[in-house]
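**Q** compute the structure for the input listed below.
(4 chains)
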Amino acid sequence: MAGRIRIRAQQKGDVTEVKALMRHPMETGQRKDQAGEPIPAHFIEEVTVTHNDTVVMHGYWGAAVSANPFLGLRFDGGVAGDTVSVAWIDNKGETGNGKTTIR
Amino acid sequence: MKPMMSGLTAMLAATLTMVVGAEQGVFDEYRAMMGDDNPAIFVIDEGEEYWFEPAGPNQVTFEQCDLGLGAGVVEGAYAQLPRYFSDADQVMDLEARLVFCMVELQGRTREQIHAKPYSLRGDLGTEMEALVVWIAEQSSGTAVAPAQDHPKERAMYSLGERLFYYRAGPHDFSCATCHGQADKRIRLQALANLSTHEGAAEAYTTWPAYRNSEGLVRTMGWRMRDCFRQQRLPELIMGSEASVALQMFLAVNAAGADMAVPGLKR
Amino acid sequence: MKHSIHPQGMARRGFLCLGAIIAATAVLPSKLWAAVIRPQTTFSATNLTSTFAELGGMPELHEGIIFSTPNIAENGAVVPVEVEVDTSRLANVEKIYVIVEKNPNPLAAMFTVAPGTKPAVETRVKVAQTGNLYAVVEAQGKHYMAVKETKVTLGGCGG
Amino acid sequence: MLKHLLIAWFLVTPVSGLANSAADSLIDSMTAKNQATMDRLQQDEVQRLCSKSRAEEGGSDALAATREQAMKRIEYPIDGQYLGDWASGAKVASNGRGLQYSDDPEAPNGGNCYACHQLDPREVAFGTLGPSLTGYGARGQSEPVIKYTWVKLWNTHAYNICSHMPRFGAQGILTEQQLKDVMAYLLDPDSPVNQPIDVLNE
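**A** So this is what the prediction gives:
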C-alpha cells in the first residue's frame, strides 16, 4: 500500500510528458487526530524522476505539498519504450518507488 | 399580515439572482486544473487486494460473497444496489451486504466491523472504504438500476422519501432543507436537488469519491452519516435501514444515469 | 491469480502493473541526488521576507514566468499550481520554487530542472488562507518571480 | 393467554406495511453520540407539520394555528435593548459549528448565517438558500423593522410557517446576547453588511 506511485509517461512529438501520483499522507505535524493527539509530521522530503538512468528532475519538498502528491513535468530526448521511474524518501526514511515505460 | 416588502428588499432580491447566475460553476477553473489524476486509484487497488485476502476466523476471502449477481460477481453489481437479498430477507446496500459476508463467510463479529468502518483524521483509508470504492468502480459506466420488483424494495423507496423530508433536531433540518431545490448552494458548495432525476443522478453516480479536504476516499454510507452529523442528529449506523432507504430513494431517482466512480469532491 | 497483500504484490490493474515495482527493500542512498543540498533554512523560514532573504532578496518580477493557480480554490488542502518558463524570454532555468505567502512555512516545494528538461512543473500544494502564491525561478545565478493570488474560502457547510 | 399474545404480536408488526415509520427507522438506525442524543429524533409540532409529505397533508388551519402559537411564544429582550455588538455578530454569522456531536458543548453555538445568506458584500463564500441580506440596515431601525427582524431570528415560523430557517431563539441555538449581536450586524450602519464594496475597498 505505502510507497506506491502511479506514473503515466506519454510521448508527444519529441517531448515526453510525465504525470506521477504518489501515495503519501503528507502530514504537516500541525494536525490533531480524533482523540486530540497531535499527528506527527510525516511528509516526502525528496523526490527524483529518472529517464532510463539520468535524473531529469529532482525535488525537495516541505509538508505543504498536498496529500497523495501529484507531479507533472516534461523532458526532451525520450523515446517510446524508454523507462521513466520516480523515487521518494520521506522524513521518516521510508521510500516509495514506481516505474513505467514511455508510450 | 405579511410585512411590507420595501422597495429596497425587492432591489436586493434582484441583485441576488444576478449574482447567483454569475457565480455558477465558481470552481470550474479549479476542477479543470485538477485534471483527472484522482488519488482514489490507490484505494481502489487496495480494495481489490482486500477482496482476495483471506480474513476473519474462517480465513476466507470474499470470492463467495454474493453482491446480487451471483457469488463473487463484482462487475456491475454496485449499479443494481440497494436490493432485496433472500438469504438475509432484507434490502441491503453495499456496505450492509459486505458486513453480511464478513460475518457469515469470514466469521467476523459485527462489533469488530462497526467499531471503525470509516477513516478518522490521520488515517490513510479503511478496508470498508477500499472494498466499496473498488466494487463501485467495477460499475463505472453502467447505468444505475436499483431493484424495485420486491415489495420490500418498494417499501424501502417510500421510507427513503419520508426520511428525505423528515425534519428533526435543534435546527429543524431535513435532507430537503438543503437538497430540495435547484441551483442552490451553502456558501460556495453547490447543492444537488436530490428529489429530481438530474440532481440525484449528478450526486449518486459520483460516490464513492476522493475528498480533497480529507485526502480520503469516502462512501455514500459515510456521506449519509456525515450529513446527519451536520443536521445535529445522532450517528447513523453503517448499512442501517435509514441508510439503505435513503440510498434507495437516491438510486431510484438517479436510475438510468451511468455510474462515474471514483468521484472527486471537496 | 492469487494475491498477496505484500506491497510489492502485483496489483492486477491499471498502470501500476505495467512496470515491475522496484522492491522497496532495495537499499536506497539516504540521499537521492547529491548534486543539490536541501535548503533546510529556506524551508524553515516562517514568513515571506525571511524566505526571500534566503534566496538573496526579493526576486525581480519577470514576464517570462507563466504561473497559473485557480482564482478561487474549492479547498485549501489541494490547490493545483502550474509553472512554465518561456525560454525565449528567460533561459538556463535551473531551479523552480513554489512559495505560499501565508503558510506557516511559505516555501512549499523546490524543483531542480536538469538540462534537457522543460523548465515547467505542475503540482498541488496546501494554501492556509487567501493570499499570494509565488513562483520563483533561478536562472544564471539570479532569482525572478511571478505572483498570483488564490482565494481560499471556508468551504462546505461550515460545520 | 393466546389473546394477549395475539395483541402483542399485532402491536409489534409495523402495521403501515413492510418498513418502519420515518421516526422508528431513524431510532433503529442511529446511536446517540456526545451531545447528539436520541431525543432529537422526536418531532415537535412545527417539525411534524413541516415535513413536506406531512405538510401537504397538514390542513391550512393547523398551519395557521401553529404560526400563531409561534408568534405568541416569542421572547423579547427584557431590557428592551435589541442591538448588541456587530463585530461579535459577524463571528456568530460565520461560525458553522454548535450542537453537532463533533462540537465542543462548552464552545458557543454559531448561527452559520453565511451558509444560506449573502451579508457583507466583500465575503465571497455566501449561500443562496435564503435571500441576500446585504444592505439590510437601509431598512432603518423603526419599531416595526426591529420587531420583524427579532421575531424572524427568534422563530421565523411566526411569519413564514414551514420556513427552512432554524428557530435560533425558540430552539435555544443562540443566546439572547448572540441574537442582539446578529441584529447589530444586520442593522447597525457601521456594520460591513451596510457598507457598499467601493467605500471600504482600500
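**Q** helices along chain C, start to end?
**A** In order along the chain, chain C carries the following helices (DSSP state H): C:40-44, C:48-54.
**Q** ok, which of these comes nearest chain A?
**A** Distances from chain A to each of the helices of chain C were compared by C-beta to the nearest C-beta, and the smallest falls on helix C:40-44, at 4.9 Å. Every C-beta, even on glycine, is put in place using the N, C-alpha and C of the backbone.
**Q** A:H58 touches A:E45, doesn't it?
**A** No - counting by C-beta atoms under 8 Å, A:H58 sits too far from A:E45 to count as a contact (11.7 Å).
**Q** on that earlier part again, select, out of the helices of chain C, the one closest to A:T101.
**A** Comparing these against A:T101 with C-beta to C-beta, the closest turns out to be helix C:40-44 (34.0 Å).
**Q** close to chain A, is that closest one?
**A** Yes - when contact is scored as C-beta under 8 Å from any C-beta of the partner chain, part of helix C:40-44 falls within range of chain A: C:F43.
**Q** give me the helices and strands touching that helix, please.
**A** With contacts defined as 3 or more C-beta pairs under 8 Å, 6 or more residues apart in numbering or on different chains; DSSP states H and E, helix C:40-44 has these neighbours: helix C:48-54, strand C:107-113.
**Q** returning to what we had before: how about the helices of chain C in CSV, adding mean pLDDT and mean neighbour count?
**A** Putting the helices of chain C into CSV (pLDDT from 0 to 100; neighbours: other C-beta atoms under 10 Å in any protein chain shown) gives the following:
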stretch, mean pLDDT, mean neighbour count
helix C:40-44, 96, 16
helix C:48-54, 97, 17
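**Q** between those, which one is nearest to D:Q177?
**A** Proximity of these to D:Q177 was assessed by C-beta to C-beta; the nearest stretch is helix C:48-54, lying at 39.2 Å.
**Q** and the gap between the spatially closest residue to B:F249 that is not a sequence neighbour and chain A?
**A** In space, B:F249 comes closest to B:G160 once its chain neighbours are excluded; the distance is 2.9 Å by C-beta to C-beta, 6 or more residues apart in numbering or on different chains. Using C-beta to the nearest C-beta, to the nearest Å, B:G160 is found at 30 Å from chain A.
**Q** that's a helix at B:G160, yeah?
**A** Yes - counting by DSSP: H, G, I helix; E, B strand; the rest coil, one finds B:G160 located in a helix.
**Q** in stretch A:67-84, what's buried?
**A** Within stretch A:67-84, the residues that count as buried by 16 or more other C-beta atoms under 10 Å in any protein chain shown are A:A67, A:N68, A:P69, A:F70, A:L71, A:G72, A:L73, A:R74, A:F75, A:G78, A:V84.
**Q** of these, which pair is most distant in space?
**A** Among the buried residues of stretch A:67-84, the pair separated by the greatest distance (C-beta to C-beta) is A:A67 and A:G78, which sit 28.9 Å apart.
**Q** which of the helices of chain C sits closest to B:V132?
**A** Among the helices of chain C, the nearest to B:V132 by C-beta to C-beta is helix C:40-44 (38.0 Å).
**Q** check contacts around the residue nearest to B:F249.
**A** B:A245, B:L246, B:Q247, B:M248, B:F249, B:L250 (C-beta atoms under 8 Å, 6 or more residues apart in numbering or on different chains).
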